[in-house]
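S.K.: output the structure for:
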Amino acid sequence: MNSKPSDFFWETKPLNELTTQEWEALCDRCGLCCLNRIQVEEGDTIYLTRVACRCYDIGVGQCGDYPNRFAQVEGCTQLTIERISEFTWLPETCAYRLRFENKPLPSWHPLISGTPLSVREHGIHKYDPVNESDNIDLEDYVIDEGVGDW
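M.R.: Numbering: from 1, shown residues only. Next comes the predicted model:
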């Protein structure tokens, strides 16, 4: 059995037919889902902040404890095929969201470009992120764009 994702699977397979490995390969590792958000109680508006989860390794550009992230970070959300319709807060560039909306992946996506470095300027680093800590007030780090404006 071939454990490597098949070529161009993201263009040919429906989401519900992806293997676990293919699903994981869709992630471009932009880290935008690792940024903290604030939801305004008076409405449905969600604001993105420049504050990355405490497990996120800004220098490396990925989760520093991916296998244990759910135990390490309260509220860390597992993105699954079964729940993809719930993740409207994902950035418009997210491959999970794009595939759910039957849209093509951007040219800088690692599956297209062939290099994981191509995502860097399109991901978390464009916001000059800081890591979460006990003495950070998320409201001081709100990005002037609502989630719908990603």
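
S.K.: helices of this protein, start to end?
M.R.: With DSSP state H, the ranges of helices along the chain come out as 9-12, 20-26, 69-72, 95-100, 110-113.

S.K.: sort out which residues of the fourth one are buried, please.
M.R.: Residues 95-100 are the ones in helix 95-100 that count as buried (16 or more other C-beta atoms under 10 Å). (C-beta placed from N, C-alpha, C; glycine too.)

S.K.: what residues does the closest residue to D128 other than its chain neighbours make contact with?
M.R.: Excluding the flanking residues, the one nearest D128 by C-beta to C-beta, 6 or more residues apart in numbering is R50, at 6.2 Å. Neighbouring residues of R50 by C-beta atoms under 8 Å, 6 or more residues apart in numbering: 35, 127-130, 141, 143.

S.K.: quick one: W10 and N102 touch, right?
M.R.: No: with contact defined as C-beta atoms under 8 Å, W10 does not reach N102; the gap is 11.2 Å.

S.K.: about what we covered before: and which of the contacts of R50 is nearest L15?
M.R.: L35 (23.9 Å; C-beta to C-beta).

S.K.: what's across from that closest one in the sheet?
M.R.: A52 (DSSP bridges).

S.K.: count of neighbours near it?
M.R.: Residues near L35, counting by other C-beta atoms under 10 Å, number 22.

S.K.: state the pLDDT value of P116.
M.R.: The confidence metric pLDDT takes the value 86 at P116.

S.K.: understood, closing this out.
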